[in-house]
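# Next input, structure requested:
(2 chains)
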Amino acid sequence: MAEHDLHAMRHSAAHIMAAAVQELHPDAKFDIGPATDEGFYYDFDMAHRLGPEDLKAIERAMKKMIGRRLPFERREMTREEAQAFFAARGQSYKLERLADIPAGETISVYQCGDFADLCRGPHVGHTGEVGSVKLLTVAGSYFRGDERNPMLQRIYGTAFPSPAELADHLRRIEEARKRDHRRLGSELELFSTHEAIGPGLICWHPAGARVRHVIETFWRDAHYANGYELLYTPHLGRATLWQTSGHLEFYREAMYSAMQVDEQDYYVKPMNCPFHIQVYQNRPRSYRELPLRWAELGTVYRYEKGGVLHGLMRVRGFTQDDAHIICTPGQIEDEICEVLRFSLFLWDAFGFREVKAYLATRPPKAVGEPERWEQALASLQHAVRRAGLDCEVDEGGGAFYGPKIDLKIKDAIGRQWQTTTIQFDFNLPERFDMTYIGPDGRRHRPYMVHRALLGSLERFFGILVEHYGGAFPTWLAPEQVRVLPISEPFLDYARAVAGTLRAAGVRVSADTEADTIGAKIRRARNQRLPYMLVVGEREAASGEVSVRSRAGEEGSVSLDAFLARVRAEIEARG
RNA sequence: GCCCACGUAGCUCAGUCGGUAGAGCGCGUCCUUGGUAAGGACGAGGUCACCGGUUCGAAUCCGGUCGUGGGCUCCA
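Residues are numbered from 1 along each chain as shown, chains lettered A, B, ... in the order given. Here you go, the predicted model:
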């Protein structure tokens, strides 16, 4: 089915749902009910609070309507007729939506059964053309998405041409649920949160910490190898610092309240930049030492509203893979190109091959000289072009302090994640009066660029877990190899094999439980281990190991041969 | 923050009409010593998230708190 036909069908399904709601709850007021990529929704306002039980009744009423093959009838109205029409029905949200329609545009109403809706269309001919529908969830939603507006009730549903396609979609939802990082995080003992500690605050367990350590080590080495220096800065800073930076003025609601130290206010950091700037300000800087590229795995704390917290994806304490690039105007373009190239290198290393760029330009209210915005934007555009990236432009979507470029990566099941952000900042250099001495002996204002490539380690780890479904590639796996002795007489050989591998830097253990070999294999597979080495009488006698990878049995090789293979794989980040 | 739902053993979940709590997995002990996805027996483990109310009696009903989940313009 063509995209627009599917869209029309789902939009029609939304109308049918609204009609069913009107029938069951005559006092309902209607807002809007569009089709989405995955299905459709409709927003209602009514006295009755919808719960899961209501969905069944509404779905039944919808199916009845679908069976009756009721026509969708289009009527065009003048603005005045439409106003009178919806006013007579007490549909106040519709009147507001009507007022949004620009003058001169055609106003149409679609009627289906007893339900009439302000709607541009198009729709299917009659309700019988809507295939298999299923209502999924009920949720709250502010009118126009603004929390100052009344809270409406939203029902999400989906529709497909055939029952088989609907079943397939539900299966995909189930697949995504299986690789949910929260589920895998607890199954594989990667991380946890605790009521006693507080929401949005993550504890990394040994297995998760191992993976994080590998990521961090790779990240640090890569930064040193690519011209960065690393910084460590404190978690707290005086109120005066945050006044100078402007955070207390513009970012306060996301900061935790002050704590008093020696009768002075200190704040836990929501960002690392003011600290990096202090390091810069430590002495006068010459143009000869620019560009400076200073990176830090900086742990920051931000207040996020309770309702938006989500596993590792949205948390209150997290570690950014932050860096600040301070350079001269002449250096800026090469620097941006280099950041993009470096970012793509990291994504490739972690197994993400599809990356898309999103460029955000100057908003109406902005700080900084127009020439600087121009140059910044040009350097971003050139960099994107040189990197050969697909790019979408969001005109006026930049922050007030500078333009930015974000990268989105696509994971193994096609979902996009916003990760890398590269942002110019024309604000902080001014606020802190950052300067460098140029060849002319005068003070000049440097460019400053913030960039986080992975984003935050917590969120990136969550994405990584879902991307691989918990089955990390060998170089990242918390435990790379497990030695499985067939029975007790071979425990010593198993320990010796594990010892050899461990001495060679492999993350390995020996399963010395008194279980059958089948049970040991099952356990290791459930923990998504890349390699199992089965050892018994034959292997102990020959000094070999029987290799079992995720693909299955691979036969026996000498321990040396296996070690060489695993080392090569780890080296190649496979 | 707001709307809706959920919170029972470490995990996944059952628990009828209000009458003092159950399974599987996991964990412990013992038996079994095995050849590529679960060997067997026995046992321990619960302030039913927390606080309050209704009741002779609350996991169950009501209110509050905390936590978790789905969602909060893919623009008629």
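
# Can you report how many residues neighbour the closest residue to residue A:487 other than its chain neighbours?
Counting by C-beta to C-beta, 6 or more residues apart in numbering, residue A:536 is the residue found nearest to residue A:487 once chain neighbours are left out, at 7.0 Å. Yep, even glycine has a C-beta here, placed from its N, CA and C like the rest. The criterion is other C-beta atoms under 10 Å. On that basis, residue A:536 has 17 neighbouring residues.

# repeat for residue A:567
15.

# Any buried residues in stretch A:470-490, and which?
With burial defined by 16 or more other C-beta atoms under 10 Å, the residues of stretch A:470-490 counted as buried are A:470-486, A:490.

# quick one: contacts for residue A:185?
Residues in contact with residue A:185, defined by C-beta atoms under 8 Å, 6 or more residues apart in numbering, are A:191, A:192, A:208, A:311, A:312, A:462, A:465.

# now, among these, which is nearest to RNA strand B?
Using C-beta to the nearest atom of the strand, residue A:311 is the member of the contacts of residue A:185 that lies nearest RNA strand B, at 4.6 Å.

# quick one: pLDDT of residue A:50?
pLDDT, residue A:50: 84.

# Contacts only, for it.
Residues near residue A:50 by C-beta under 8 Å, 6+ apart: A:44, A:138, A:153, A:155.

# Count the neighbours of the second one for me.
Read that as residue A:138. As a burial measure, residue A:138 scores 18 neighbours (other C-beta under 10 Å).

# ok, now how distant is residue A:302 from residue A:69?
According to C-beta to C-beta, to the nearest Å, residue A:302 and residue A:69 sit 54 Å apart.

# my bad, should have said residue A:563
For residue A:563 relative to residue A:69 (C-beta to C-beta), the value is 69 Å.

# Check residue A:491 too.
When distance is defined by C-beta to C-beta, residue A:491 is 72 Å away from residue A:69.

# neighbour count winner among the two?
Between residue A:491 and residue A:69, counted using other C-beta under 10 Å, residue A:491 has the larger neighbour count: 17 against 12.

# so does the lowest-mean-pLDDT helix or strand in chain A get close to RNA strand B?
Least confident element among the helices and strands of chain A, by mean pLDDT, DSSP states H and E: helix A:163-178 (a mean of 86). No - if you take C-beta under 7 Å from any atom of the strand as the test, helix A:163-178 misses RNA strand B, and the best it gets is 9.1 Å.

# for that helix, packing partners?
strand A:132-142, strand A:151-160 (3 or more C-beta pairs under 8 Å, 6 or more residues apart in numbering; DSSP states H and E).

# Quick check: next helix or strand after that helix?
As assigned by DSSP states H and E, the chain's next helix or strand after helix A:163-178 is helix A:181-187.

# Do me a favour and average the pLDDT over that following helix.
Per-residue scores along helix A:181-187 average to 92.

# Then stretch A:297-316?
Rounded mean pLDDT across stretch A:297-316 is 92.

# Give me the distance from that stretch to the chain's centre.
On the basis of C-alpha atoms, centre = their mean, to the nearest Å, stretch A:297-316 sits 12 Å off its chain's mean C-alpha point.

# next one: stretch A:516-525
Averaged C-alpha coordinates place stretch A:516-525 at 34 Å from its chain's average position (C-alpha atoms, centre = their mean).

# Give the buried residues for that stretch.
By 16+ other C-beta under 10 Å, the buried positions in stretch A:516-525 come out as A:517, A:520, A:521, A:523, A:524.

# So which of these would count as near RNA strand B as well?
Among the buried residues of stretch A:516-525, RNA strand B is touched by A:517, A:521 when using C-beta under 7 Å from any atom of the strand.

# What I need now is the buried residues of stretch A:516-525 written out in JSON lines, including pLDDT and secondary structure for each item.
JSON lines is the format used below for the buried residues of stretch A:516-525 (pLDDT from 0 to 100; DSSP: H, G, I helix; E, B strand; the rest coil):
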{"residue": "A:517", "pLDDT": "95", "secondary structure": "helix"}
{"residue": "A:520", "pLDDT": "95", "secondary structure": "helix"}
{"residue": "A:521", "pLDDT": "95", "secondary structure": "helix"}
{"residue": "A:523", "pLDDT": "94", "secondary structure": "helix"}
{"residue": "A:524", "pLDDT": "95", "secondary structure": "helix"}
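
# nearest to residue A:341, of the buried residues of stretch A:516-525?
If you rank the buried residues of stretch A:516-525 by distance to residue A:341 using C-beta to C-beta, residue A:524 comes first, at 38.8 Å.

# for the closest one, what are its contacts?
Counted by C-beta under 8 Å, 6+ apart, residue A:524 has contacts A:482, A:484, A:511, A:532.

# These: which two are farthest apart?
The most widely separated members of those, counting by C-beta to C-beta, are A:511 and A:532 (8.7 Å).

# Beyond the helix or strand hosting residue A:213, next helix or strand please.
Assigned by DSSP H and E, residue A:213 falls within helix A:206-225. Using DSSP H and E, the next helix or strand after helix A:206-225 towards the C-terminus is strand A:229-230.

# Give the pairing partners of that next one; include direction for each.
strand A:292-301 (parallel) (DSSP bridges).

# Surely residue A:533 is in a strand?
Yes - the assignment for residue A:533 is a strand, going by DSSP: H, G, I helix; E, B strand; the rest coil.

# just checking, it touches residue A:482?
Yes - contact criterion C-beta atoms under 8 Å: residue A:533 and residue A:482 qualify, at 7.3 Å.

# The longest helix anywhere in chain A: which residues count as buried?
Selection of the longest helix in chain A by residue count, based on DSSP state H, yields helix A:3-24. Of the residues in helix A:3-24, those with enough neighbours to count as buried (16+ other C-beta under 10 Å) are A:6-23.
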